[in-house]
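*Asks:* Okay, structure incoming, though there's no sequence with it:
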């Protein structure tokens, strides 16, 4: 099984330790991991800003870079959903893109659905109270969890993974799948609304006595981490792969 590690551009620059944790968690499962150096941005910032013409070259480069891998794995639900949902118009049923589209997974989705919970090699302890933030793209597009508006039995792939961690305590939130307000360039164009939504999500975690806020999309966590730091809220932010890799806060 040949795995191509896709590292989102902002994480490569701002959160290299999370990228390393992703590699470590995958490597611990006995997988062969490669990091192709020709990869660049997936084009999501351009899509959020309406610059559709600029996405095409990035999309072509992405497919050419990753088409030979059995699986493509990334620590970002929103970037994965960008590739799966917004490249179609550039490829007209192209076989290479169809292969990439079927092969790309968010890292938790890959661990849960491909490696399988019962086969995971983690064996770690994380003795903290943790609140899980379900980011919109991962939760509703990739189906990492059940959207509350569907009124069907709740299930969460992220919670299932976290429940394999020894000594962890997952707190119960009032609104499990509410948007944090980041939305890429939305947080710039609608700053006040974005801030208010982010503070609501943080308050839910604080009210639930969480020590750590985690999730599968660092863009959302970055947004709320900024609010936490500016307002001195007593809570820390960690990407879920850091917890799965045994990193301590």
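*Replies:* Done, it's in. Everything quoted here is computed from the prediction, not taken from an experiment.
*Asks:* From residue 218, how far out is residue 86?
*Replies:* Using Cβ to Cβ, to the nearest Å, residue 86 is found at 19 Å from residue 218. Using the backbone N, CA and C atoms, a C-beta is placed for each residue, glycine as well.
*Asks:* Comparing those two, which shows the higher neighbour count?
*Replies:* Applying other Cβ atoms under 10 Å to residue 86 and residue 218 shows that residue 218 carries more neighbours, namely 27 against 16.
*Asks:* buried residues in the helix or strand bottoming out on mean pLDDT in the chain?
*Replies:* When the helices and strands of the chain are scored by mean pLDDT, DSSP states H and E, helix 186-189 comes last with a mean of 78. Using 16 or more other Cβ atoms under 10 Å as the test for burial, helix 186-189 gives residue 187.
*Asks:* Show me what that helix is packed up against.
*Replies:* Applying 3 or more Cβ pairs under 8 Å, 6 or more residues apart in numbering; DSSP states H and E, we find helix 186-189 packed against no helix or strand.
*Asks:* Report the distance from it to the chain centre.
*Replies:* With Cα atoms, centre = their mean, to the nearest Å as the basis, helix 186-189 stands 20 Å off its chain's centre.
*Asks:* and the helix or strand following it, what other elements does it pack with?
*Replies:* With elements assigned by DSSP states H and E, the helix or strand that comes after helix 186-189 is helix 191-207. In terms of contacts (3+ Cβ pairs under 8 Å, 6+ apart), helix 191-207 is packed against helix 218-231.
*Asks:* which residues are contacting the helix it packs on?
*Replies:* Residues outside helix 218-231 that contact it (Cβ atoms under 8 Å, 6 or more residues apart in numbering): 8, 10-11, 14-15, 18, 75-76, 78, 133, 135, 180-182, 184, 187, 194-195, 198-199, 201-202, 213-215, 233, 235-239.
*Asks:* Many thanks, have a good one.
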